[in-house]
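Visitor: Build the 3D model from these lines:
(one chain, ligands or ions: 1)
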Amino acid sequence: MSALELTTALTHAIYVLVFLLVLPRTLRQFTPAHFDMTLFFGVVALIILESRIMPLLGVAPPAWVSDMVIVLFISLPYLLLRLVDDFTRVPAVILRLVELGLLAFAVVTVAIDARPSAFVTLGIVAYVALVSLYCAVRIIRAAHRALGVTRRRLEAVSLGTILLGADLLAMGLMAFLIEPERTMVDGFTQLLALGSAVAYYVGFAPPLVLRRAWQAPELRALLTRAAQLPRLPTTLDIVRELEAGAAASTGSNARIGLWHEDDLVLRMWEPGTDELVEVKAGQFIAGRAFERQAVVYSGDPQKDDPENAARYRAAGVGAVLAAPITAGGRRLGVLVLFAARPPIFAVSDRELAQLLADQAAVILESRALIDHAARVKAQEEATRMKEDFVSAAAHDLKTPLTTVVAQAEFLERKALRDPSAPPDVPGLRRIVRESKRLAALVTDLLDASRLEQGRLVGEREPVDLGALVSEVVARQHPGAHVCEVDVRGAVVGTYDRRRIEQLVQNLVENAKKYSPDSARVRLAVWQQDGEARITVRDEGIGIPASDLPTIFERFARASNVDDRKFHGMGLGLYICRGIAEEHGGRIWAESELGKGTTFHVALPLREGRRLN
Ligand code: ADP
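Guide: Numbering: from 1, shown residues only. Next up is the predicted model:
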């Protein structure tokens, strides 16, 4: 047996084997794609059979047999086109044209008794080449758009089509050749046929092992990423990653619908947008899979779900595979895989879909647990803060209140004992002073709670900060402290005047409170880099560097502050920061322990301008 004969025999064997493999598949599960595949390989097997049997019989084939072989040969590109149509839509007009061509050539072949003329042969060759080329282009374009396993299958099919096209062309041209070129080209055609046989087999009917091997890389990539997915910032990010992974693993499109128990709907995100589509349980193929809690496959959704046929048609969905996403009895949602044409899915993809849905369930459930843990922690934190707040507030209110009550009782007893005695002015003053402190504390508490709701700053108006700071300083009790204000040009911005006054007043009072009586407090107001700037500088006790980062927090007090010596609740700076930030500004402090502290405030100028 020569090398050429061996190649021929091998090619023939492979084509017949593929036919024998696809035939039972079609009998088991009849789909248009399976049927067309069987037809295609069946016709090839018939041509092969004829070429093998006739030489064995030792007789020249009768005319009708030769005619039949030619007709079968011409029908191959048409059958291929039908297969292409199963995978990616071919316009009906093209199908009809190719059918017409087939019919015309078949009639001519059967009608003419003699061997077809060179003209007819050329026509047949051109027809075959053109249709094959069209098929190849369609398949290559579809492969380009496809993902994962589908892409690889379509690539194999396009390779097969290119080889088959070249093969058919060479076979047609052989009619015009004489020996020895004829035998050479014959050898070449056998090789092409062998290549296309293998490529078609892997493309159209890949064995399970190959399908799995092609799915494996994408699936592995998804599973490797799975551990990190629950930690993505939002559930939408997780869903998008899962959808991309499922699409790549199955070579189809994927969408995840999340179940919302309150509204009894599945919500799916439209890709590329934040828009949500709602699907009820039982509605669409997806809703059915969710309702039945089982994988549902439809190779013809328009027929299986006639109510929504128009929707499937409009979206170009020709096959749907949906699997419920359920974790430990908790129904979380549904995974929907869909494609334009049914042969994208194999029977074995049902298990893959369920596996992907189960994986999605684990990831979504982990996310729910993380969210739950975060909520519990936030609740605990809120409770702890409330408790801190109540105890700090109670503690701070108690001291002045005790003084007020004790002083008032003392004055009462004194008045009862000696009603004619003159009023105890220092005692009354102490009551007034402590009551004012109480009122200030209560105001701070109310402001802190307003700040919590982000509504501390109210209506804004143009404010000249230089004038405002000077007024605040002028209103201070003339104490032992020396307050200096340095206004470097008028700085005007749009602020809540009352709150900015409160901010400056807080800083000035702190500066006085935390520094010796004779010390100086210096304030400055200027404009820098498009911002209004205020500083309050003192020569007081300073703040330890380790406390600087926290002093603006609620109830925070520095470690060098003795509660008995310096009254305070640790709310002043917290409120100052709230005022600055609600205005879109910043506040920070610099300090040297024992030497003094400088508080810096930067506020946006908005419509601000320098007046001079
Ligand atoms: P309070 O003065 O009621 O404690 P604040 O929120 O106004 O609360 O201040 C928080 C803490 O920051 C103070 O307890 C103190 O330790 C520190 N602090 C604030 N201003 C000064 C300052 N000018 N000098 C030194 N320490 C200060």
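Visitor: Please, where are all the strands along the stretch 201-350 of the chain?
Guide: For the stretch 201-350 of the chain, strands defined by DSSP state E, counting those that start in this stretch occupy the ranges 253-260, 265-269, 276-280, 296-298, 319-327, 330-339.
Visitor: In a markdown table, list those along with mean pLDDT, mean neighbour count and distance to the ligand.
Guide: For glycine as for every other residue, the C-beta is placed from the backbone atoms N, C-alpha and C. What follows is those, written out as a markdown table (pLDDT from 0 to 100; neighbours: other CB atoms under 10 Å; distance: least, CB to the nearest ligand atom, whole Å):
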| stretch | mean pLDDT | mean neighbour count | distance to the ligand |
| --- | --- | --- | --- |
| strand 253-260 | 94 | 21 | 44 |
| strand 265-269 | 92 | 20 | 45 |
| strand 276-280 | 89 | 15 | 45 |
| strand 296-298 | 93 | 22 | 63 |
| strand 319-327 | 94 | 25 | 48 |
| strand 330-339 | 94 | 24 | 47 |
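Visitor: Export those to TSV and append columns for distance to residue 61.
Guide: Compiled in TSV, the strands of the stretch 201-350 of the chain are given as follows (distance: least, CB to CB, whole Å):
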stretch	distance to residue 61
strand 253-260	50
strand 265-269	60
strand 276-280	60
strand 296-298	46
strand 319-327	43
strand 330-339	44
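Visitor: nearest to residue 347, of the ones you listed?
Guide: With CB to CB, the closest approach to residue 347 among the strands of the stretch 201-350 of the chain belongs to strand 296-298: 8.5 Å.
Visitor: out of the strands of the stretch 201-350 of the chain, which comes closest to residue 7?
Guide: Evaluated over the strands of the stretch 201-350 of the chain, closeness to residue 7 peaks at strand 330-339, with 36.5 Å, by CB to CB.
Visitor: partners of that closest one in the sheet?
Guide: Paired neighbours of strand 330-339 in the sheet (DSSP bridges): strand 253-260 (antiparallel), strand 319-327 (antiparallel).
Visitor: Now do that strand against strand 276-280, angle only.
Guide: Here strand 330-339 runs at an angle of 110 degrees relative to strand 276-280 (axes from the mean of the first three to the mean of the last three CA atoms, to 10 degrees).
Visitor: Give me the contacts around strand 330-339.
Guide: The set of residues external to strand 330-339 that reach it, using CB atoms under 8 Å, 6 or more residues apart in numbering, is 150, 242, 246-247, 250, 252-259, 266, 268, 285-287, 289-290, 293, 317-326, 345, 349, 353, 356-357, 360-361, 364-365.
Visitor: could you pull out the strands for the stretch 451-600 of the chain?
Guide: Counting by DSSP E, counting those that start in this stretch, the strands of the stretch 451-600 of the chain are 461-464, 482-487, 492-495, 520-528, 531-538, 586-592, 596-604.
Visitor: Tell me the secondary structure at the residue sitting furthest away from the middle of the chain.
Guide: The centre of the chain is farthest from one residue, residue 420, which by CA atoms, centre = their mean lies 82.8 Å away. Three-state call for residue 420 (DSSP: H, G, I helix; E, B strand; the rest coil): coil.
Visitor: burial measure for the residue in the stretch 51-200 of the chain that the ligand sits nearest to, as a count.
Guide: Residue nearest to the ligand within the stretch 51-200 of the chain: residue 147 (58.5 Å; CB to the nearest ligand atom). Residue 147 is flanked by 17 other residues according to other CB atoms under 10 Å.
Visitor: Return the backbone torsion pair for it.
Guide: Here is the backbone geometry of residue 147 (degrees, to the nearest 10): phi -120, psi 160.
Visitor: Quick one, grab the pLDDT at it.
Guide: For residue 147, the model assigns a pLDDT of 83.
Visitor: List the residues that contact it.
Guide: Residues in contact with residue 147 (CB under 8 Å, 6+ apart) are 218, 247, 248, 251, 252.
Visitor: Check the gap between the first one and residue 238 for me.
Guide: This means residue 218. To residue 238, residue 218 is 18 Å away according to CB to CB, to the nearest Å.
Visitor: give the contact list for residue 7.
Guide: Neighbour list for residue 7: 187, 190, 191, 194 [criterion: CB under 8 Å, 6+ apart].
Visitor: Can you turn the buried part of the residues you listed into a ChimeraX selection?
Guide: In ChimeraX syntax, the buried subset of the contacts of residue 7 is picked out as below (16 or more other CB atoms under 10 Å):
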select :190,191,194
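Visitor: from the contacts of residue 7, which is closest to residue 480?
Guide: Among the contacts of residue 7, and counting by CB to CB, the member closest to residue 480 is residue 194, at 106.3 Å.
Visitor: The closest one belongs to a helix, doesn't it?
Guide: Yes - the assignment for residue 194 is a helix, going by three-state DSSP.
Visitor: ok, the nearest residue to it once chain neighbours are set aside - how many residues close by?
Guide: Closest residue to residue 194 apart from its sequence neighbours, by CB to CB, 6 or more residues apart in numbering: residue 11 at 4.0 Å. By other CB under 10 Å, the residues close to residue 11 number 23.
Visitor: For residue 11, give me phi and psi.
Guide: With angles defined as degrees, to the nearest 10, residue 11 sits at phi -60, psi -50.
Visitor: Contact partners for residue 568?
Guide: 396, 513, 557, 561.
Visitor: Residue ranges in the stretch 501-612 of the chain under the pLDDT threshold?
Guide: In the predicted model, the stretch 501-612 of the chain carries pLDDT under 70 at residues 606-612.
Visitor: and it, which residues reach the ligand?
Guide: For the stretch 501-612 of the chain, the residues in contact with the ligand under the definition CB under 6 Å from any ligand atom are 510-511, 514, 538, 540-543, 551, 556-558, 561, 568-574, 597.
Visitor: Could you pull up the contacting residues of residue 340?
Guide: Each residue near residue 340 by CB under 8 Å, 6+ apart is listed here: 88, 89, 316, 317, 318, 319.
Visitor: Which strands or helices does the longest helix belonging to the chain pack on?
Guide: Secondary structure assigned by DSSP state H gives helix 349-417 as the longest helix of the chain. Here helix 349-417 is seen to pack against helix 208-226, helix 235-250, strand 253-260, strand 319-327, strand 330-339, helix 425-452 when contacts are counted using 3 or more CB pairs under 8 Å, 6 or more residues apart in numbering; DSSP states H and E.
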